[in-house]
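Trainee: I'll drop the sequence and a predicted model, then ask my questions.
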Amino acid sequence: MEEDSGLSNGVGEVVVNGGGGGGEGGAGGTAWSNGGTGGKAVQVLQRSFGEVQGILEQNRVLIQEISQNHEARDADGLTRNVALIRELNTNIARVVDLYADLSCSFSRTVTASSVNHNNNSTPSAAKAASKRPRASE
């Protein structure tokens, strides 16, 4: 049974939905949807998800072969399963590392966007706060 993660368009290309669900905290937030740092972040996201998807596809093939070898109960196939399971384990570790890197990258991008957004709005807020109210006469 194959599950569709929603990240592929079926032709091996990764599709990133920048629209989000709307509202606060949606995937279409400032850091990921507008130009500048957001465009670079989307490229990193696409490349990383593409790599993850390739590894997961390879894992699917490995699992099929492991399963076939197990069902056949052939000595050579069962011996080969040891190497296949090691490869599968290595691939899973790579996926975990990629997701950890993505998480850190996403956090940095969101933090940088938040800082830039706050810096852009701070001068006018600081001006308004620094003005003293006039005494009414």
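Mentor: Yep, that arrived.

Trainee: how many neighbours does residue 67 have?
Mentor: As a burial measure, residue 67 scores 11 neighbours (other Cβ atoms under 10 Å). (C-beta placed from N, C-alpha, C; glycine too.)

Trainee: From residue 41, how far out is it?
Mentor: With distances taken as Cβ to Cβ, to the nearest Å, residue 67 is found 38 Å from residue 41.

Trainee: elements contacting the longest helix along the chain?
Mentor: When the chain is parsed with DSSP state H, its longest helix is helix 75-130. Identification of packing neighbours for helix 75-130 by 3 or more Cβ pairs under 8 Å, 6 or more residues apart in numbering; DSSP states H and E yields helix 30-33, helix 37-72.

Trainee: okay, these in a markdown table with mean pLDDT and distance to residue 116 next?
Mentor: Listed next are the helices and strands packed on helix 75-130 as a markdown table, based on pLDDT from 0 to 100; distance: least, Cβ to Cβ, whole Å:
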| stretch | mean pLDDT | distance to residue 116 |
| --- | --- | --- |
| helix 30-33 | 42 | 9 |
| helix 37-72 | 91 | 8 |
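
Trainee: Show me the one of those that comes nearest residue 102.
Mentor: helix 37-72 (5.1 Å; Cβ to Cβ).

Trainee: Show me what that closest one is packed up against.
Mentor: helix 30-33, helix 75-130.
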